[in-house]
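[1] Have a look; sequence and predicted model below, questions after that.
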Amino acid sequence: MNQESELLDKLTFKQNYHNIRKTLRAVKELDRGYFPFQTVCCLLQTSAEYGALLLSGYVVNGLAAGADFGGLMKAAVWVCILLGVLRAVVSGMKASMQVKRDLMFRRYDTMQQAKLVDLDFSLIESPRLKEMQERIQQNNNWGAGLYSVFQHMENLTMGLLRLLGAVVAGSSVFRYLGGENALPSVCMAVILILGLALGMKVYFHFLDICNYLMFHRLTLEEKKQFYDFVWDFIVMGKYQYQNGKDVRIYDAYGIMKHWTADTEKKKEWQDFYVKKPTVGAAGTGAAVGAVRGLGTAGAYFLVVWLALAGGIPVGSVILFAGCLSNLFDSIVILLFQLHELGITARKQMAILELLSLSDEMYKGSLPMEKRSDGQYTIEFSNVSFRYPGSETYALRNFSLKLNVGEKLAVVGRNGSGKTTMIKLLCRLYDPDEGEILVNGVNIRKFRREEYIKLFSVVFQDFHLFSLMLAENVATSTEYEEGRVERCLEDAGFGERLAKLKRESEGICSYLYKDFSDSGVEISGGEAQKIAIARAVYRKASFVLLDEPTAALDPLAEAEIYSNFDKLAGEKTAVYISHRLSSCRFCKKIAVFDKGRLVQIGNHEELLEDADGTYAKLWNAQAQYYQMS
Amino acid sequence: MKAVKTAKAAVSPYEKHYSILQNIAYYFRFYQKSMPLFLWYALVEVLVGALAPYIMIYLPKSAVDLVTEAADTKQVIWRLGGLGVLYLISQIILKAANKGKYFLYNTRRNELLSGLFLKSLRIPYRDTERQEVKELYQKSFESLICGDGSSLYGVTYGTLDIVQNILSFVLYSTVLGVLNPLMVVLLLSLSLVQYALSLAKIKRLEQFRASNAELGKQRRYLSYAAMGNPKAAKDIRIFGMKEWLNKLLDKMFKEMEKREKIKRRSENVYVQVTGALSVLRDACAYAYLIWQVFQGNIGAGDFVLYFGAITGFSGFVERLINGVGMLRQGSNGLNFYRAYMELSEEGSENWLPENGENGREQGKRHIGELKQPIEITFQDVSFSYSDLNANAADGHDSGCCRGTGNGTGSGHVFRHFNLTIRGGEKLALVGMNGAGKTTFVKLLCGIYEPSEGRIFINGIDRREFPRTEVYRLFSSIFQEKFLPPFKVGESVSLQKEWDQDKVWKALEKAGLKETFRERGITPDSYYGKAIDEKGIELSGGQEQRFLLARALYKDAPVMVLDEPTAALDPIAESQVYESYLEFSRDKTAVFISHRLASTRFSDRIILLEDGKILEEGSHSDLIARGGKYAEMFQVQSSYYAKSAKEKEAFS
């Protein structure tokens, strides 16, 4: 809600101009042909409108002048056909325009999501991005986003063309304004222009008051009520249906209702959030109506007065009044729509800001030396790192050397920096201090996309996509069938694969049903195996495993560990696990505590320090397994 | 506007086909209940909106008349001035009503959204897991969330547009009817043809939209669930999946463009035919008017009036058709919403048909009459995901158990399962992934009901208690943490009214009091940053303790813990176990874990496999038996066991 009240802050003309330009450029990038197409469509539509007006004037004048019936009839019918064709073309073009709009809207929506893959990883979980996304959500609660831009632009173009049309079509009558009519016409024009200016002034002033009533600043207490909860929890999807178990067991329905519907129904809320602002909204509408009504009624007065004063033929009364009222109307529309476009454009700024974010991380330029023998050494040299926005160090003065073919196990308590180490190594983040060296070279210097290819990682919270199984393994639309199958079998997925071949499309089956209705469901254990197959398929030089078995039963866990050995082979590997038993086969165990490396050595060496972190961790688990 | 379809008997509870008229009535009744002010604004707008164009065509007529008659100033002021003022007032009222109405409409969506959300908490939990229900929720949600594309907008605005334009149409017809009733007949019949054609076009487009639904689903998946999903961000970067996903996206958009082009082309026929019709209509009307003038039947002012009226017609028909399109689309969205809102709620199931007079009685016993500790018996219990599905839906799609972790496909998870949990017993449940442990917990807590067989509480059939009474028996901690952004006190108690001291006590027992005191956190602090920027944030271990505090606050006779320690480090894990053990001393307790360590606490261990009890007994019994449990324990403890020996050797 804060953001909406921010929208109240006045913008200078320049800022508005800037916002509008940016927005229009974004639309142009989505579809280059759209604006020219729209302009042509509006031009044809305006022509049809003025055509009808001219026809009416022509016929009335003809009737007054006593033109012959046949000629008038013929002209009327021809113009009618012409206008009909014009209208049909316009309606066809409008249908095309709608198609263009729908596509642009979807592309734009997709771009905002797809943008996430281009950003620095550090930004993904940052408060900055979260704030930006919330702003985007809230800005789009009112109006129709990009569709509003299309609509305003169409109205603006129409307004401009109608204005031009009024001047062109009405030009034949302007000559009547001179001579003895000069005084009344000047008087009338001045009155109308003054009226219009005053009307607009009152309107904009009123608009401010009404906008204030509509979106006036909410206090924190009010903000807490209802609005944010509904947004964050229900709309942004923090609530998951699985939480329904707790809601039922703990009889939480009352409190959930309290935070949603009850607050909304409260009288103060209704008065404050609904009734008052409605008056404001209605007020702005009334102001628009007043100015436009005044313009039209005034135009007729002026023209009738002029005609009665003599000079304007009766047929031209219609034409002229039509042109004049169009003139005023389009000025009002232009001003009003510009104002609205400014507001709409402003709402797009958060989105455009997101879309313009660039990957700021240093990408490196040094080509990565391709070594088929996997001869790489890794060294962390005095590395310190804090997560963005965090006070405490996730890693502090961390140094560690890992030699070729070595298997390192990493243990430590939650939050001790184990996963952070992996994230730094894969360049998801860069260290704040110190450096990470591969074969003696700072990893920042290597081309990042090449460098990352050195690693195969299985995270605890790995992610599979509801896409084709083979593509999930190869992480590409192109894959080697044989290799995909081999990797799946190596990862222990062979049994299910055989079943998939019988019952579904084999490796071409889709996983889950989110993308394809014919997708197959897989269990958590099977998903884990696919994730491992994916890591195997990659043929990387380093294998990093971040607690890949936390959710598995002991036998599945053992099965996966034996597969890890197969996967890692002679490669350099880092294992992170809470289950110390799984670390024992590593020659080197690194023990982390509060972001520091506190112990390193093999199991026996580490246990010797009875007060050491490792011994504590070990005993905490081992005590349950000591047989009595 | 006629109802296109009458409500047919619904095939499945997930699909509703209310007629458009029924849907209109639904939303207007909703406004009447929730915000009658909207209806007043709407009424004013429709009436004035219908009148305004009528005044508008009289303005030029009056102008022409005044000029032809060379009227004096007084007449100009009275006749033109009167019309002008009328026009001005109509514009003011019209625009005010329009804007005010929009504001009222837009705030109403929140109420519908809240209603939808709250409904999801009232239907049986098992239903919320079903794929069909999840999709229905998503569709209902989407039909409300997008401002001017919502079903509420479509149905109400569409209806009002239709009414307003029909009124305008009638008013204009009276103008022309005075001249010649035949004109009205001609215009009406041509307009009807135009309407029929446009309706056919709308239906055609709707078919296209339906056939493109799969593409829409793909687009949403790729955008939101894949590329825009922060949870996938790590893998996308490390495996360089950007290119892959972008290629799929391109392919999808190309297909979408292709289909849109085909759709667009199919519209052309309609556009051409309706265009020709309007040419015919206008040409006839103009020719007739000119002829009438030459006949001397009407003057120049009348000509202008009728001319304006005829020009206006096509606009009314167009807007009317537009309104019909909006209405149909909105009505479609509303059908999803209504289908969801009409799902049967927990407590309305017919558990004990022999017990209730109207088949809706659940039993009226209270848990207050039960002696503690509580004994629970499973007698001959069978449960299958697909069975339940077949009851509720039309039987397709075998049980979808994603998220339950127990995907055994269409088969039974449990078949004739028997077990008694004795009062005060500490029972540990172990087993492989997919053995049915999580399903067991849900059956135990009353979140699932057996397909067959019965569950007894202290020897009384559970169905004799209302469901809510059954829930009162349990303090459960589930795998998915539920940590809503309320006040700490509210989040611990999950109640509107809560006791400050009791919350502190629960926090103290759960080992959080000290940390909270140090950090200045009180039960009135907010949890998380969603509502209050100063809200508290906890680490993984602290979150577990927070959930423990919730279980302790409730202090129910049975404690159930579904694998609470998977993501904890060994020390935190061991502390959490000890706390659980301590607080379940006088209670019946069920632990579920992959880590066999927890089994040591328990009086009895059950090893589940494929929904059957494979082994059961105390830890030492099972080890001595040398079965599967012993094997699992061996796998997990082999390394530790050696260390234990080492330690013994040391000491």
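    That came through, no problem. Remember, it's a predicted structure, so these values are computed and weren't measured experimentally. Numbers count the residues shown, from 1 in each chain, chains lettered A, B, ... in the order given.
[2] Show me where chain B has its strands.
    B:376-384, B:412-421, B:426-431, B:452-457, B:460-461, B:474-477, B:558-562, B:588-592, B:604-609, B:612-617 (DSSP state E).
[3] In the last one, which residues are buried?
    Buried residues in strand B:612-617, counted by 16 or more other C-beta atoms under 10 Å in any protein chain shown: B:614-617. Bear in mind the C-beta positions are built from the backbone N, C-alpha and C, glycine included.
[4] And residue 18, what's its pLDDT?
    Here I'm looking at chain A. pLDDT for residue A:18: 93.
[5] You answered for a different chain; I wanted chain B.
    93.
[6] hang on, it packs against residue B:332?
    No - applying C-beta atoms under 8 Å as the test, residue B:18 and residue B:332 come out as separate, 10.1 Å apart.
[7] hang on, the earlier thing: Serialize the strands of chain B to a markdown table and add fields for distance to residue A:482 and mean pLDDT.
    Output for these, formatted as a markdown table (distance: least, C-beta to C-beta, whole Å; pLDDT from 0 to 100):
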| stretch | distance to residue A:482 | mean pLDDT |
| --- | --- | --- |
| strand B:376-384 | 38 | 92 |
| strand B:412-421 | 37 | 89 |
| strand B:426-431 | 36 | 88 |
| strand B:452-457 | 47 | 92 |
| strand B:460-461 | 58 | 91 |
| strand B:474-477 | 46 | 92 |
| strand B:558-562 | 41 | 90 |
| strand B:588-592 | 41 | 89 |
| strand B:604-609 | 35 | 90 |
| strand B:612-617 | 39 | 91 |
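[8] right, so of the ones you listed, which gets closest to residue B:247?
    strand B:412-421 (39.7 Å; C-beta to C-beta).
[9] pull the CA atoms of the closest one into CSV?
    Below are the C-alpha coordinates for strand B:412-421, written out as CSV (Å, rounded to 0.1, in the frame of the first residue of the first chain):
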residue,chain,number,x,y,z
HIS,B,412,-3.8,-49.1,-1.9
VAL,B,413,-1.4,-47.4,0.5
PHE,B,414,-2.9,-49.5,3.3
ARG,B,415,-4.9,-52.7,3.1
HIS,B,416,-6.5,-54.3,6.1
PHE,B,417,-4.0,-52.5,8.4
ASN,B,418,-4.3,-53.3,12.1
LEU,B,419,-2.5,-51.5,14.9
THR,B,420,-3.1,-50.4,18.5
ILE,B,421,-1.2,-47.5,19.9
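[10] Now do it and strand B:588-592, the angle between them.
    Interaxial angle of strand B:412-421 relative to strand B:588-592 (axes from the mean of the first three to the mean of the last three C-alpha atoms, to 10 degrees): 140 degrees.
[11] Name every strand pairing with strand B:412-421 and say which way it goes.
    strand B:376-384 (antiparallel) (DSSP bridges).
[12] And the partner strand, what's buried?
    B:376-378, B:381-384.
[13] Kindly report the same for stretch A:413-432.
    Result for stretch A:413-432 [16+ other C-beta under 10 Å]: buried residues A:413-431.
[14] Check stretch A:438-450 too.
    Within stretch A:438-450, judged by 16+ other C-beta under 10 Å, the buried ones are A:438, A:443-444, A:446, A:448.
[15] Any chance you could list what contacts it?
    A:361-369, A:375-379, A:425, A:427, A:430, A:435-437, A:451, A:454, B:240 (C-beta atoms under 8 Å, 6 or more residues apart in numbering or on different chains).
[16] how does it look with 10 Å?
    A:359, A:361-371, A:375-379, A:381, A:402, A:404, A:424-427, A:430-431, A:435-437, A:451-454, A:541-542, B:237, B:240, B:242 (C-beta atoms under 10 Å, 6 or more residues apart in numbering or on different chains).
[17] Please flag which of those residues sit within strands.
    Checking these against DSSP E, those in strands are A:378-379, A:381, A:402, A:435-437, A:542.
[18] re the thing from before, return the closest of the buried residues of strand B:612-617 with respect to chain A.
    For those, the residue nearest chain A by C-beta to the nearest C-beta is residue B:614; the value is 12.8 Å.
[19] Have a look at the chain and report its longest helix.
    With no chain named, the answer covers chain A. helix A:69-114 (DSSP state H).
[20] wait, chain B
    Max-length helix for chain B by DSSP H is helix B:242-294.
[21] list the contacts for residue B:536?
    B:488, B:515-516, B:519-522, B:525-529, B:542, B:546.
[22] which residue is nearest the centroid of chain A?
    Geometric centre of chain A, nearest residue: residue A:112, 3.2 Å, by C-alpha atoms, centre = their mean.
[23] circling back: check the buried residues of stretch A:413-432 against chain B, which are close?
    A:413-416, A:418-419, A:422-423, A:426-428 (C-beta under 10 Å from any C-beta of the partner chain).
[24] Kindly check the end-to-end length of stretch A:22-37 for me.
    20 Å (C-alpha to C-alpha, to the nearest Å).
[25] contacts for it?
    So stretch A:22-37 is contacted by A:38, A:93, A:96-97, A:100-101, A:103-108, A:111, A:146, A:149-150, A:152-153, A:157, A:341-342, A:344-349, A:351-353, A:355-356 (C-beta under 10 Å, 6+ apart).
[26] Buried members of the residues you listed into ChimeraX, please.
    Selection of buried members from the contacts of stretch A:22-37 for ChimeraX, criterion 16+ other C-beta under 10 Å:
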select /A:38,93,96,97,100,101,103,104,105,106,107,108,111,146,149,150,152,153,157,341,342,344,345,346,347,348,349,351,352,355
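[27] show me where pLDDT drops low in chain B?
    B:1-11, B:147, B:348-363, B:386-411, B:530, B:564-567, B:595, B:597-598, B:638-651 (pLDDT under 70).
[28] Identify the structural domains in it and state their residue ranges.
    B:20-206+B:269-341, B:423-436+B:462-650 (automatic domain parsing).
[29] So which of the ones you listed is nearest residue A:498?
    Per C-beta to C-beta, nearest to residue A:498 of the domains of chain B: domain B:423-436+B:462-650, 18.0 Å.
[30] mind listing what the residue nearest to the centre of chain A touches?
    Counted by C-beta under 10 Å, 6+ apart, residue A:112 has contacts A:133, A:136, A:350-352, A:354-355, B:223-224, B:227-228.
[31] Out of those residues, the closest to residue B:609 would be?
    Within those, the smallest distance to residue B:609 is 38.1 Å, found for residue B:224 (C-beta to C-beta).
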